[in-house]
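Enquirer: coords please:
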Amino acid sequence: MKKIIFLSIIVFAIISCEETQEINEVKSKFGSSNLSYLDGTLSELNQLKNNDSIKGFDLENEIGAKVNLYSEMLNLFSSDNFDCGCDEKLKKKLRKYKPKNKEEEESGFIPRVVLNNALYSDSALLLDRSGSSILAHGFQYNKISGGKSKLLFARNSPTVKVFSESNYIEKNPNTYDNFLYTLDCSGFLSAAVSATVGVGKNSIKASANAASKLDKSLIVVGGVMYSPLYQAYKGEGDFVKTDSVTKINRIKVLEAVINSIPAQEQTDTTQVFLNSNYRVVLASNSGTSSFNGEAKLGITGGIGFGIGSVSGEGKAEGSVQRKSSFSKYKTYLIERNVGVEPDSITISMLKTIIQNLKNQ
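Expert: Presented below is the predicted three-dimensional model:
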């Protein structure tokens, strides 16, 4: 009898260790309200794939793919994908971490601060660097026969060659909300242990020892990215200066828009549809060591996701700037024209801006 009781206790203990740790429900800010926009944009982008204007881009598969944003964050923070040396016991704990309103297959650790700030919608459009540039330099016009054209790409805009999402993200928190969260391996371990229940001392010690030897970093950035085409039209952002180089580049961007429209469709009254901005999430778990925690993007600092490497700078408390580098990242599109209705633009208006710039 004692043996049976003892075995029962062991079985109960094992089952308890494998129990799911439930946390409060998780809901995205906008739910599925952006689905129509995502589906339409995805269709437009993939219709453009075989167009001559985007030949030369490194497009391995489709330009974009609709994904579940919560699942993408699970993969980002997975202790298997972001391997910081957590021992198997801790990994099992993290795999059992689950919001009450999610299914068992959706279990996994995501820091609450990320869920509260970066989970904008249920779905998002996943874009690679080429896809992001095509989106940012994409536009439509009103056809003479009526209705909007297919998506066009302003291939000859000088901003295409040097495009980087972070260069166009609004960093002033007084304009649009933004969010930056980053962890190195020690920070990940600290966040994981703080969130999970019943992690043994030996497990923590073994994981901490492994984490201290690894030079890895993870970053999540949420914010609003401006369209370089719309900024050129408005004379804002990179085009706010009045020096000769800026004016020449601005002229070239606007000319690239006009010249992308078929000649037979170019009338002075032809309406051109330029999006003002896009809400995006940038994410990577392929960086080197960083600072840990949440921050706001600095107005004078910022983030730089350059070709070949990615750097992230955030303003922590005070004015201390810290930096980390990333080799690759993913861009998630959420919505467009955040908080603004784009101007009604015609070819005549663009030509007038170009002529005024040439006359200065």
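
Enquirer: neighbours of the residue nearest to L151 when sequence neighbours are not counted, just the number please.
Expert: Closest residue to L151 apart from its sequence neighbours, by CB to CB, 6 or more residues apart in numbering: E44 at 4.0 Å. Glycine gets a C-beta too; all of them are placed from N, C-alpha and C. Here the number of neighbours of E44 (other CB atoms under 10 Å) works out to 19.

Enquirer: then the one 5 residues further on?
Expert: Around K49 sit 15 other residues, with neighbours defined as other CB under 10 Å.

Enquirer: what about the nearest residue to it once chain neighbours are set aside, neighbour count?
Expert: Distances taken as CB to CB, 6+ apart place I63 nearest to K49, at 5.8 Å, with adjacent residues excluded. Neighbour count for I63, taken as other CB under 10 Å: 23.

Enquirer: my read: the residue nearest to L151 touches L135, true?
Expert: No - taking contacts as CB atoms under 8 Å, E44 lies outside contact range of L135: 9.2 Å.

Enquirer: low-confidence stretches in the stretch 1-150 of the chain?
Expert: For the stretch 1-150 of the chain, residues meeting the criterion pLDDT under 70 lie at 1-18, 50, 52-53, 55-62.

Enquirer: name the SS class of E25, please.
Expert: Under DSSP: H, G, I helix; E, B strand; the rest coil, the three-state class of E25 is coil.

Enquirer: hang on, the earlier thing: residue contacts, the residue nearest to L151?
Expert: E44 is in contact with 138, 150-151, counting by CB atoms under 8 Å, 6 or more residues apart in numbering.

Enquirer: please check those residues and keep the buried ones.
Expert: With burial judged by 16 or more other CB atoms under 10 Å, the buried subset of these is 138, 151.

Enquirer: wait, which of the contacts of E44 is closest to D80?
Expert: Nearest to D80 among these is G138, at 35.7 Å by CB to CB.

Enquirer: okay, and the beta partners of the closest one?
Expert: With DSSP bridges as the criterion, G138 is bridged to F153.

Enquirer: contact partners for it?
Expert: Contacts of G138 (CB under 8 Å, 6+ apart): 44-45, 48, 151-154, 275.

Enquirer: closest one of those to D80?
Expert: Nearest member of the contacts of G138 to D80, counting by CB to CB, is L45, at 30.6 Å.

Enquirer: nearest to L214 among the contacts of E44?
Expert: G138 (39.6 Å).

Enquirer: measure the closest one to K328 for me?
Expert: 23 Å (CB to CB, to the nearest Å).

Enquirer: now S36
Expert: To K328, S36 is 30 Å away according to CB to CB.

Enquirer: ok so, going back, so the residue nearest to L151, which of the three states?
Expert: Quick answer, by three-state DSSP: E44 is helix.

Enquirer: after the helix or strand hosting E255 comes which helix or strand?
Expert: For E255, the host element (DSSP states H and E) is helix 244-260. With elements assigned by DSSP H and E, the helix or strand that comes after helix 244-260 is strand 271-273.

Enquirer: flag every buried residue along that following strand.
Expert: In strand 271-273, counting by 16+ other CB under 10 Å, buried: 272-273.

Enquirer: packing partners for that strand?
Expert: strand 138-141, strand 345-346 (3 or more CB pairs under 8 Å, 6 or more residues apart in numbering; DSSP states H and E).

Enquirer: each with direction, which strands does it pair with?
Expert: In its sheet, and by DSSP bridges, strand 271-273 pairs with strand 138-141 (antiparallel), strand 345-346 (antiparallel).

Enquirer: avg pLDDT for that strand?
Expert: Mean pLDDT, strand 271-273: 98.

Enquirer: can you tell me what sits against it?
Expert: Strand 271-273 has contacts (CB under 8 Å, 6+ apart) with 139-142, 148, 257, 261, 342, 344-347, 350.

Enquirer: what distance separates it from the centre of its chain?
Expert: 27 Å (CA atoms, centre = their mean, to the nearest Å).

Enquirer: helix or strand next in line after it, which one?
Expert: strand 277-287.

Enquirer: give the other helices and strands that that next one contacts.
Expert: Using 3+ CB pairs under 8 Å, 6+ apart, the elements in contact with strand 277-287 are helix 69-77, helix 129-136, strand 217-226, strand 310-315, strand 321-326, strand 330-336.

Enquirer: output those as CSV; include the columns distance to V280.
Expert: As requested, these are arranged in CSV below (distance: least, CB to CB, whole Å):
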stretch, distance to V280
helix 69-77, 11
helix 129-136, 8
strand 217-226, 5
strand 310-315, 14
strand 321-326, 16
strand 330-336, 6
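
Enquirer: done for today, thanks.
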